[in-house]
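Chemist: structural data only, the sequence is not supplied:
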(Lines give C-alpha, C1' and ligand atoms only; values in the text may rest on other atoms or scores of the structure.)
Protein backbone atom coordinates (compact mmCIF):
# COMPACT_ATOMS: atom_id res chain seq x y z
CA UNK A 1 0.00 0.00 0.00
CA UNK A 2 1.30 3.48 -0.87
CA UNK A 3 2.52 5.69 1.95
CA UNK A 4 0.17 8.55 1.06
CA UNK A 5 -2.85 6.27 1.03
CA UNK A 6 -1.72 4.70 4.30
CA UNK A 7 -1.39 8.15 5.88
CA UNK A 8 -4.87 9.14 4.80
CA UNK A 9 -6.12 5.81 6.17
CA UNK A 10 -4.54 6.53 9.56
CA UNK A 11 -6.23 9.93 9.73
CA UNK A 12 -9.47 8.33 8.56
CA UNK A 13 -9.19 5.71 11.29
CA UNK A 14 -9.10 8.47 13.88
CA UNK A 15 -12.34 9.88 12.46
CA UNK A 16 -13.73 6.35 12.15
CA UNK A 17 -13.03 5.75 15.83
CA UNK A 18 -15.05 8.82 16.73
CA UNK A 19 -17.97 7.77 14.55
CA UNK A 20 -17.79 4.24 15.98
CA UNK A 21 -17.92 5.55 19.54
CA UNK A 22 -20.87 7.80 18.71
CA UNK A 23 -22.64 4.89 17.01
CA UNK A 24 -22.06 2.68 20.03
CA UNK A 25 -23.41 5.43 22.28
CA UNK A 26 -26.52 5.73 20.10
CA UNK A 27 -26.99 1.96 20.25
CA UNK A 28 -26.74 1.97 24.04
CA UNK A 29 -29.24 4.85 24.24
CA UNK A 30 -31.61 2.92 21.97
CA UNK A 31 -31.30 -0.10 24.24
CA UNK A 32 -32.04 2.06 27.28
CA UNK A 33 -35.08 3.52 25.53
CA UNK A 34 -36.26 -0.03 24.92
CA UNK A 35 -36.23 -0.62 28.63
CA UNK A 36 -37.82 2.73 29.45
CA UNK A 37 -40.32 3.36 26.66
CA UNK A 38 -40.23 0.41 24.26
CA UNK A 39 -38.84 2.56 21.42
CA UNK A 40 -35.75 0.38 21.26
CA UNK A 41 -37.90 -2.42 19.88
CA UNK A 42 -37.41 -0.63 16.56
CA UNK A 43 -34.29 1.46 17.23
CA UNK A 44 -32.00 -1.38 18.33
CA UNK A 45 -32.40 -3.47 15.14
CA UNK A 46 -31.96 -0.31 13.06
CA UNK A 47 -28.85 0.53 15.07
CA UNK A 48 -27.45 -2.98 14.51
CA UNK A 49 -28.16 -2.66 10.79
CA UNK A 50 -26.31 0.67 10.79
CA UNK A 51 -23.42 -1.00 12.62
CA UNK A 52 -23.39 -3.74 9.99
CA UNK A 53 -23.18 -1.21 7.17
CA UNK A 54 -20.36 0.63 9.00
CA UNK A 55 -18.49 -2.63 9.60
CA UNK A 56 -19.01 -3.65 5.96
CA UNK A 57 -17.30 -0.43 4.87
CA UNK A 58 -14.29 -1.35 6.99
CA UNK A 59 -14.40 -4.90 5.59
CA UNK A 60 -14.12 -3.46 2.08
CA UNK A 61 -11.21 -1.18 3.07
CA UNK A 62 -9.40 -4.03 4.82
CA UNK A 63 -9.96 -6.32 1.84
CA UNK A 64 -8.46 -3.79 -0.56
CA UNK A 65 -5.41 -3.30 1.64
CA UNK A 66 -4.82 -7.05 1.96
CA UNK A 67 -5.71 -7.85 -1.63
CA UNK A 68 -8.32 -10.45 -0.62
CA UNK A 69 -11.97 -9.52 -0.01
CA UNK A 70 -13.34 -9.88 3.51
CA UNK A 71 -16.73 -11.61 3.02
CA UNK A 72 -19.86 -9.78 4.11
CA UNK A 73 -23.29 -11.18 4.85
CA UNK A 74 -25.00 -12.21 1.62
CA UNK A 75 -28.63 -12.44 2.71
CA UNK A 76 -30.62 -9.36 3.74
CA UNK A 77 -32.99 -9.44 6.69
CA UNK A 78 -36.55 -10.51 6.00
CA UNK A 79 -39.91 -10.37 7.73
CA UNK A 80 -41.03 -7.93 10.41
CA UNK A 81 -39.30 -6.42 13.45
CA UNK A 82 -39.68 -9.64 15.42
CA UNK A 83 -37.87 -11.62 12.74
CA UNK A 84 -35.18 -8.90 12.58
CA UNK A 85 -34.50 -9.35 16.30
CA UNK A 86 -34.28 -13.13 15.93
CA UNK A 87 -32.05 -13.01 12.85
CA UNK A 88 -29.73 -10.37 14.31
CA UNK A 89 -29.34 -11.91 17.76
CA UNK A 90 -28.78 -15.43 16.43
CA UNK A 91 -26.29 -14.30 13.83
CA UNK A 92 -22.65 -14.65 15.01
CA UNK A 93 -21.78 -11.71 12.76
CA UNK A 94 -23.74 -9.36 15.03
CA UNK A 95 -21.72 -10.35 18.10
CA UNK A 96 -18.51 -10.17 16.11
CA UNK A 97 -19.36 -6.60 15.10
CA UNK A 98 -20.24 -5.65 18.68
CA UNK A 99 -16.83 -6.96 19.76
CA UNK A 100 -15.23 -4.92 16.98
CA UNK A 101 -16.67 -1.61 18.27
CA UNK A 102 -14.36 -1.10 21.29
CA UNK A 103 -11.35 -2.50 19.44
CA UNK A 104 -11.87 -0.15 16.51
CA UNK A 105 -12.48 2.78 18.84
CA UNK A 106 -9.20 2.24 20.72
CA UNK A 107 -6.98 1.20 17.81
CA UNK A 108 -8.41 3.81 15.47
CA UNK A 109 -7.90 6.57 18.03
CA UNK A 110 -4.29 5.55 18.70
CA UNK A 111 -3.38 5.24 15.03
CA UNK A 112 -5.17 8.43 14.03
CA UNK A 113 -3.66 10.52 16.83
CA UNK A 114 -0.23 9.00 16.21
CA UNK A 115 -0.39 9.94 12.53
CA UNK A 116 -1.49 13.50 13.28
CA UNK A 117 1.24 13.86 15.95
CA UNK A 118 3.93 12.66 13.53
CA UNK A 119 2.68 15.01 10.82
CA UNK A 120 2.61 17.85 13.36
CA UNK A 121 6.26 17.24 14.36
CA UNK A 122 7.39 17.29 10.72
CA UNK A 123 5.37 20.44 10.05
CA UNK A 124 6.83 22.14 13.14
CA UNK A 125 10.36 21.33 11.96
CA UNK A 126 9.65 22.74 8.51
CA UNK A 127 8.05 25.82 10.03
CA UNK A 128 11.07 26.46 12.29
CA UNK A 129 13.43 26.25 9.30
CA UNK A 130 11.30 28.69 7.35
CA UNK A 131 10.83 31.30 10.15
CA UNK A 132 14.04 31.24 12.25
CA UNK A 133 15.03 34.72 11.02
CA UNK A 134 11.71 36.42 11.81
CA UNK A 135 10.70 38.25 14.98
CA UNK A 136 8.41 35.34 15.84
CA UNK A 137 11.33 32.87 15.95
CA UNK A 138 11.89 33.49 19.67
CA UNK A 139 8.40 32.18 20.36
CA UNK A 140 8.89 29.03 18.28
CA UNK A 141 10.13 26.17 20.42
CA UNK A 142 10.85 22.68 19.29
CA UNK A 143 10.74 20.30 22.28
CA UNK A 144 11.80 23.20 24.53
CA UNK A 145 14.57 24.47 22.21
CA UNK A 146 14.14 28.00 20.88
CA UNK A 147 14.61 27.92 17.09
CA UNK A 148 15.92 31.46 16.59
CA UNK A 149 19.18 30.80 14.74
CA UNK A 150 20.03 28.76 11.60
CA UNK A 151 22.28 26.28 13.39
CA UNK A 152 19.48 25.09 15.63
CA UNK A 153 16.72 25.47 13.01
CA UNK A 154 18.50 23.48 10.31
CA UNK A 155 20.61 21.30 12.58
CA UNK A 156 17.52 19.96 14.30
CA UNK A 157 14.90 20.52 11.62
CA UNK A 158 16.57 18.64 8.74
CA UNK A 159 17.24 15.41 10.70
CA UNK A 160 13.73 15.52 12.16
CA UNK A 161 12.13 15.91 8.71
CA UNK A 162 14.33 13.23 7.11
CA UNK A 163 13.87 10.74 9.93
CA UNK A 164 10.15 11.55 10.26
CA UNK A 165 9.43 11.06 6.56
CA UNK A 166 11.54 7.89 6.46
CA UNK A 167 9.71 6.53 9.48
CA UNK A 168 6.34 7.29 7.89
CA UNK A 169 7.36 5.65 4.62
CA UNK A 170 8.48 2.52 6.45
CA UNK A 171 5.91 2.34 9.23
CA UNK A 172 2.63 3.54 7.72
CA UNK A 173 2.14 0.68 5.20
CA UNK A 174 2.95 -1.84 7.93
CA UNK A 175 0.47 -0.17 10.30
CA UNK A 176 -2.21 -0.17 7.60
CA UNK A 177 -1.63 -3.87 6.92
CA UNK A 178 -1.71 -4.65 10.64
CA UNK A 179 -4.99 -2.78 11.05
CA UNK A 180 -6.49 -4.57 8.04
CA UNK A 181 -5.37 -7.94 9.40
CA UNK A 182 -6.92 -7.15 12.79
CA UNK A 183 -10.16 -6.05 11.13
CA UNK A 184 -10.32 -9.19 9.01
CA UNK A 185 -9.61 -11.39 12.04
CA UNK A 186 -12.50 -9.91 14.00
CA UNK A 187 -15.05 -9.34 11.23
CA UNK A 188 -14.26 -12.32 9.00
CA UNK A 189 -17.14 -14.73 8.66
CA UNK A 190 -16.28 -18.36 9.32
CA UNK A 191 -16.36 -20.96 6.58
CA UNK A 192 -19.48 -22.60 8.01
CA UNK A 193 -21.32 -19.25 8.17
CA UNK A 194 -20.38 -18.52 4.56
CA UNK A 195 -21.66 -21.93 3.51
CA UNK A 196 -24.94 -21.36 5.38
CA UNK A 197 -25.38 -18.03 3.60
CA UNK A 198 -24.56 -19.69 0.30
CA UNK A 199 -27.13 -22.42 0.89
CA UNK A 200 -29.73 -19.77 1.72
CA UNK A 201 -28.88 -17.80 -1.40
CA UNK A 202 -29.11 -20.92 -3.58
CA UNK A 203 -32.48 -21.77 -2.03
CA UNK A 204 -33.75 -18.30 -2.91
CA UNK A 205 -32.43 -18.47 -6.48
CA UNK A 206 -33.89 -21.97 -6.87
CA UNK A 207 -37.27 -20.65 -5.79
CA UNK A 208 -36.94 -17.82 -8.28
CA UNK A 209 -35.90 -20.27 -11.00
CA UNK A 210 -38.93 -22.48 -10.32
CA UNK A 211 -41.18 -19.41 -10.45
CA UNK A 212 -39.59 -18.20 -13.69
CA UNK A 213 -39.83 -21.67 -15.23
CA UNK A 214 -43.51 -21.92 -14.35
CA UNK A 215 -44.18 -18.47 -15.80
CA UNK A 216 -42.31 -19.42 -18.97
CA UNK A 217 -44.35 -22.61 -19.38
CA UNK A 218 -47.58 -20.65 -18.91
CA UNK A 219 -46.45 -18.12 -21.53
CA UNK A 220 -45.66 -20.85 -24.04
CA UNK A 221 -49.00 -22.53 -23.34
CA UNK A 222 -50.82 -19.22 -23.80
CA UNK A 223 -49.00 -18.45 -27.04
CA UNK A 224 -49.78 -21.90 -28.42
CA UNK A 225 -53.41 -21.78 -27.29
CA UNK A 226 -54.23 -18.24 -28.37
CA UNK A 227 -52.14 -18.15 -31.53
CA UNK A 228 -51.03 -21.37 -33.17
CA UNK A 229 -53.94 -23.53 -32.01
CA UNK A 230 -56.47 -20.96 -33.24
CA UNK A 231 -54.72 -20.90 -36.62
CA UNK A 232 -54.77 -24.68 -36.88
CA UNK A 233 -58.49 -24.82 -36.00
CA UNK A 234 -59.19 -22.25 -38.71
CA UNK A 235 -57.15 -24.25 -41.23
CA UNK A 236 -59.04 -27.45 -40.33
CA UNK A 237 -62.40 -25.67 -40.88
CA UNK A 238 -61.28 -24.32 -44.26
CA UNK A 239 -60.09 -27.75 -45.37
CA UNK A 240 -63.38 -29.31 -44.27
CA UNK A 241 -65.42 -26.73 -46.20
CA UNK A 242 -63.20 -27.08 -49.26
CA UNK A 243 -63.69 -30.85 -49.19
CA UNK A 244 -67.50 -30.42 -49.25
CA UNK A 245 -67.41 -27.78 -52.01
CA UNK A 246 -64.81 -29.35 -54.29
CA UNK A 247 -67.47 -30.91 -56.55
CA UNK A 248 -70.13 -28.21 -56.52
CA UNK A 249 -67.89 -25.14 -56.58
CA UNK A 250 -64.29 -26.04 -57.47
CA UNK A 251 -63.18 -22.40 -57.74
CA UNK A 252 -64.39 -21.56 -54.24
CA UNK A 253 -62.83 -24.76 -52.93
CA UNK A 254 -59.51 -23.80 -54.53
CA UNK A 255 -59.71 -20.37 -52.89
CA UNK A 256 -60.31 -21.98 -49.50
CA UNK A 257 -57.35 -24.30 -50.04
CA UNK A 258 -55.18 -21.28 -50.86
CA UNK A 259 -56.40 -19.56 -47.68
CA UNK A 260 -55.61 -22.71 -45.71
CA UNK A 261 -52.12 -22.79 -47.20
CA UNK A 262 -51.51 -19.17 -46.19
CA UNK A 263 -52.82 -19.95 -42.72
CA UNK A 264 -50.43 -22.90 -42.50
CA UNK A 265 -47.49 -20.66 -43.38
CA UNK A 266 -48.59 -18.10 -40.79
CA UNK A 267 -48.95 -20.83 -38.14
CA UNK A 268 -45.46 -22.13 -38.99
CA UNK A 269 -44.05 -18.62 -38.56
CA UNK A 270 -45.74 -18.32 -35.16
CA UNK A 271 -44.30 -21.69 -34.13
CA UNK A 272 -40.81 -20.54 -35.19
CA UNK A 273 -41.27 -17.41 -33.07
CA UNK A 274 -42.23 -19.49 -30.03
CA UNK A 275 -39.27 -21.81 -30.58
CA UNK A 276 -36.93 -18.81 -30.75
CA UNK A 277 -38.05 -17.75 -27.28
CA UNK A 278 -37.17 -21.22 -25.91
CA UNK A 279 -33.75 -21.63 -27.54
CA UNK A 280 -32.94 -19.52 -30.59
CA UNK A 281 -31.92 -21.74 -33.53
CA UNK A 282 -29.33 -19.12 -34.49
CA UNK A 283 -27.31 -20.15 -31.41
CA UNK A 284 -27.04 -23.68 -32.76
CA UNK A 285 -26.28 -22.47 -36.29
CA UNK A 286 -23.85 -19.58 -35.63
CA UNK A 287 -22.86 -19.78 -31.96
CA UNK A 288 -23.07 -17.01 -29.39
CA UNK A 289 -20.87 -14.57 -31.32
CA UNK A 290 -22.92 -14.89 -34.49
CA UNK A 291 -26.22 -14.70 -32.62
CA UNK A 292 -25.16 -11.51 -30.81
CA UNK A 293 -23.99 -9.93 -34.07
CA UNK A 294 -27.45 -10.59 -35.50
CA UNK A 295 -29.10 -9.08 -32.40
CA UNK A 296 -26.96 -5.95 -32.53
CA UNK A 297 -27.50 -5.53 -36.27
CA UNK A 298 -31.28 -5.46 -35.72
CA UNK A 299 -31.16 -3.25 -32.59
CA UNK A 300 -33.27 -0.08 -32.65
CA UNK A 301 -30.41 1.91 -31.06
CA UNK A 302 -26.99 1.97 -32.80
CA UNK A 303 -24.90 -0.50 -30.82
CA UNK A 304 -21.19 -1.29 -30.78
CA UNK A 305 -20.29 -4.93 -30.16
CA UNK A 306 -17.06 -6.13 -28.57
CA UNK A 307 -16.62 -9.90 -28.70
CA UNK A 308 -13.70 -12.20 -27.84
CA UNK A 309 -12.20 -14.58 -30.38
CA UNK A 310 -14.04 -17.92 -30.59
CA UNK A 311 -10.92 -19.62 -29.18
CA UNK A 312 -10.90 -17.26 -26.20
CA UNK A 313 -14.64 -17.69 -25.65
CA UNK A 314 -14.33 -21.47 -25.80
CA UNK A 315 -17.19 -23.92 -25.50
CA UNK A 316 -20.12 -22.75 -23.39
CA UNK A 317 -23.00 -24.80 -21.95
CA UNK A 318 -26.17 -24.35 -23.97
CA UNK A 319 -28.02 -22.88 -20.97
CA UNK A 320 -25.33 -20.21 -20.52
CA UNK A 321 -25.32 -19.32 -24.21
CA UNK A 322 -29.10 -19.00 -24.14
CA UNK A 323 -29.05 -16.86 -21.00
CA UNK A 324 -26.37 -14.54 -22.42
CA UNK A 325 -28.34 -14.18 -25.66
CA UNK A 326 -31.61 -13.37 -23.92
CA UNK A 327 -29.89 -10.98 -21.47
CA UNK A 328 -28.53 -8.93 -24.39
CA UNK A 329 -31.83 -9.12 -26.24
CA UNK A 330 -33.80 -7.94 -23.21
CA UNK A 331 -31.24 -5.25 -22.37
CA UNK A 332 -31.27 -3.80 -25.90
CA UNK A 333 -35.07 -3.85 -25.88
CA UNK A 334 -35.04 -1.93 -22.59
CA UNK A 335 -32.56 0.57 -24.00
CA UNK A 336 -34.83 1.24 -26.97
CA UNK A 337 -38.03 1.46 -24.88
CA UNK A 338 -36.97 3.28 -21.73
CA UNK A 339 -33.56 4.96 -21.88
CA UNK A 340 -33.80 7.54 -24.66
CA UNK A 341 -30.22 6.60 -25.57
CA UNK A 342 -28.53 7.55 -28.83
CA UNK A 343 -25.88 4.84 -28.69
CA UNK A 344 -25.21 1.62 -26.77
CA UNK A 345 -22.46 -0.95 -26.49
CA UNK A 346 -22.30 -4.66 -25.70
CA UNK A 347 -19.12 -6.38 -24.59
CA UNK A 348 -18.58 -10.05 -23.79
CA UNK A 349 -15.51 -11.52 -22.09
CA UNK A 350 -14.51 -14.73 -20.40
CA UNK A 351 -12.13 -15.08 -17.49
CA UNK A 352 -11.68 -18.68 -16.44
CA UNK A 353 -15.06 -20.12 -15.55
CA UNK A 354 -16.92 -16.77 -15.57
CA UNK A 355 -18.63 -15.23 -18.59
CA UNK A 356 -19.19 -11.47 -18.27
CA UNK A 357 -21.67 -9.50 -20.36
CA UNK A 358 -21.73 -5.71 -20.08
CA UNK A 359 -24.38 -3.53 -21.74
CA UNK A 360 -23.91 0.25 -21.61
CA UNK A 361 -26.13 3.04 -22.93
CA UNK A 362 -25.86 6.84 -22.83
CA UNK A 363 -29.52 7.37 -21.96
CA UNK A 364 -31.15 9.32 -19.16
CA UNK A 365 -30.28 6.74 -16.47
CA UNK A 366 -32.10 6.54 -13.17
CA UNK A 367 -33.34 2.99 -13.78
CA UNK A 368 -36.00 1.88 -11.28
CA UNK A 369 -36.23 -1.90 -11.26
CA UNK A 370 -39.81 -1.96 -9.97
CA UNK A 371 -41.02 0.27 -12.82
CA UNK A 372 -41.20 -2.51 -15.41
CA UNK A 373 -37.78 -1.86 -16.93
CA UNK A 374 -37.05 -5.57 -17.45
CA UNK A 375 -34.16 -5.65 -14.96
CA UNK A 376 -36.06 -7.95 -12.59
CA UNK A 377 -36.56 -10.49 -15.36
CA UNK A 378 -32.87 -10.38 -16.21
CA UNK A 379 -31.96 -10.91 -12.55
CA UNK A 380 -34.25 -13.93 -12.29
CA UNK A 381 -32.92 -15.47 -15.49
CA UNK A 382 -29.32 -15.01 -14.35
CA UNK A 383 -29.92 -16.10 -10.74
CA UNK A 384 -31.48 -19.34 -11.96
CA UNK A 385 -28.03 -20.24 -13.31
CA UNK A 386 -26.20 -19.11 -10.17
CA UNK A 387 -25.08 -15.90 -11.87
CA UNK A 388 -25.26 -12.28 -10.80
CA UNK A 389 -26.54 -9.05 -12.35
CA UNK A 390 -25.73 -5.50 -11.22
CA UNK A 391 -27.07 -2.22 -12.56
CA UNK A 392 -25.31 1.12 -12.18
CA UNK A 393 -27.66 3.83 -13.41
CA UNK A 394 -27.16 7.31 -11.94
CA UNK A 395 -29.59 10.04 -12.95
CA UNK A 396 -28.41 11.47 -16.24
CA UNK A 397 -26.71 8.22 -17.23
CA UNK A 398 -24.91 6.27 -18.37
CA UNK A 399 -26.56 2.99 -17.44
CA UNK A 400 -24.28 -0.02 -17.06
CA UNK A 401 -25.68 -3.55 -16.78
CA UNK A 402 -23.08 -6.14 -15.77
CA UNK A 403 -24.00 -9.82 -15.83
CA UNK A 404 -21.71 -12.64 -14.71
CA UNK A 405 -22.52 -16.26 -15.52
CA UNK A 406 -20.70 -19.44 -14.48
CA UNK A 407 -19.53 -21.28 -17.56
CA UNK A 408 -17.66 -24.30 -16.19
CA UNK A 409 -18.36 -27.31 -18.42
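Modeler: Received it, and whenever you're ready, just let me know what you need. Since we're looking at a predicted model, the values are computed, not measured.
Chemist: tell me the buried residues in the helix ranked longest in the chain?
Modeler: In the chain, assigned by DSSP state H, the helix with the most residues is helix 92-131. Buried residues in helix 92-131, counted by 16 or more other Cβ atoms under 10 Å: 93-94, 96-97, 100-101, 104-105, 107-109, 111-112, 114-115, 118, 121-122, 124-125, 127-129, 131. Placement of C-beta: from N, CA and C, glycine included.
Chemist: and stretch 393-406, by the same measure?
Modeler: Within stretch 393-406, the residues scored as buried using 16+ other Cβ under 10 Å are 393, 397, 398, 399, 400, 401, 403, 404, 405.
Chemist: can you give me the end-to-end span of that stretch?
Modeler: 24 Å (Cα to Cα, to the nearest Å).
Chemist: how about stretch 366-385?
Modeler: Distance across stretch 366-385, first residue to last, is 27 Å (Cα to Cα).
Chemist: check the secondary structure at residue 355 for me.
Modeler: Classification of residue 355 by DSSP: H, G, I helix; E, B strand; the rest coil places it in strand.
Chemist: any idea how far residue 247 is from it?
Modeler: Distance, residue 355 to residue 247, using Cβ to Cβ, to the nearest Å: 63 Å.
Chemist: neighbour count: these two, which is higher?
Modeler: residue 355 (25 against 8; other Cβ atoms under 10 Å).
Chemist: taking the buried residues of stretch 393-406 together, which two end up most distant?
Modeler: Spatially, the most separated pair among the buried residues of stretch 393-406 is 397 and 405, at 25.1 Å (Cβ to Cβ).
Chemist: please parse the protein into its domains.
Modeler: Per automatic domain parsing, the structural domains of the chain span 3-187, 198-278, 285-406.
Chemist: residue 128 against residue 158, yeah?
Modeler: No. With contact defined as Cβ atoms under 8 Å, residue 128 does not count as touching residue 158 (10.5 Å).
Chemist: what ranges do the helices span in the stretch 201-350 of the chain?
Modeler: 229-245, 250-278, 281-297, 310-313, 318-334 (DSSP state H, counting those that start in this stretch).
Chemist: what's the neighbour count on the closest residue to residue 314 other than its chain neighbours?
Modeler: Excluding the flanking residues, the one nearest residue 314 by Cβ to Cβ, 6 or more residues apart in numbering is residue 350, at 6.6 Å. By other Cβ under 10 Å, 15 other residues sit near residue 350.
Chemist: same check, this time on residue 154
Modeler: Applying other Cβ under 10 Å, we find 15 residues neighbouring residue 154.
Chemist: did I read that right, it in a helix?
Modeler: Yes. Counting by three-state DSSP, residue 154 is found in a helix.
Chemist: so how far is residue 67 from it?
Modeler: In terms of Cβ to Cβ, residue 154 sits 42 Å off from residue 67.
Chemist: same question, residue 310
Modeler: 33 Å.
Chemist: what residues of the helix or strand where residue 380 lies count as buried?
Modeler: For residue 380, the host element (DSSP states H and E) is helix 375-383. Using 16+ other Cβ under 10 Å as the test for burial, helix 375-383 gives 375, 377, 378, 379, 380, 381, 382, 383.
Chemist: surely the third one meets residue 390?
Modeler: No. The pair residue 378 and residue 390 fails to qualify as a contact (Cβ under 8 Å) at a distance of 10.6 Å.
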